[in-house]
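Visitor: Predicted coordinates and the sequence they were generated for:
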Amino acid sequence: MSEAVDQGERASSWRIEVDADQGSVRWWLDAEAPRGVCTLRLPDNVIELAAHEETGAGLVVRVAATRPFRLEIITPFAEFVEQAPAGVHSYLLTYLDRTDVYSS
């Protein structure tokens, strides 16, 4: 079951969908990567997504979770897929690095 989530101090241009049954989150970010934080409170996990800054090489995001989950981040230039572990982790979503790009 997929549901749209509307929680936290997220940027208005963000779109986030959660599939609690599959343990996955799909997060759309626009090119400017507006700063903001969104906390998702699920029955078995608490996930915080934060967009920080655009570095010239890519977008910096921070992800915190109490349990591992599948994270898809969709940007105008690529789709990134990570099996995000529990804890706090930062990712640099680079324009040129395609090692984590999901191809359907």
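Guide: Yep, it's here.
Visitor: Let's verify Asp21: helix, strand, or coil?
Guide: Using DSSP: H, G, I helix; E, B strand; the rest coil, the structure places Asp21 in coil.
Visitor: can I assume Phe69 is in contact with Ala84?
Guide: Yes. Phe69 is within contact range of Ala84, at 5.6 Å (criterion: C-beta atoms under 8 Å). No exception for glycine: its C-beta is placed from N, CA and C like everyone else's.
Visitor: quick one: buried residues of stretch 78-89?
Guide: Ala78, Phe80, Val81, Glu82, Ala84 (16 or more other C-beta atoms under 10 Å).
Visitor: Let's have those residues in JSON lines, adding pLDDT and distance to Val61.
Guide: Conversion of these to JSON lines gives the following (pLDDT from 0 to 100; distance: C-beta to C-beta, whole Å):
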{"residue": "Ala78", "pLDDT": "77", "distance to Val61": "13"}
{"residue": "Phe80", "pLDDT": "88", "distance to Val61": "9"}
{"residue": "Val81", "pLDDT": "92", "distance to Val61": "13"}
{"residue": "Glu82", "pLDDT": "92", "distance to Val61": "10"}
{"residue": "Ala84", "pLDDT": "95", "distance to Val61": "10"}
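Visitor: What is the longest strand of the protein by residue count?
Guide: Longest strand of the chain, by residue count under DSSP state E: strand 45-54.
Visitor: returning to what we had before: in a markdown table: the buried residues of stretch 78-89, plus distance to Arg15.
Guide: As requested, the buried residues of stretch 78-89 are arranged in a markdown table below (distance: C-beta to C-beta, whole Å):
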| residue | distance to Arg15 |
| --- | --- |
| Ala78 | 16 |
| Phe80 | 15 |
| Val81 | 17 |
| Glu82 | 18 |
| Ala84 | 18 |
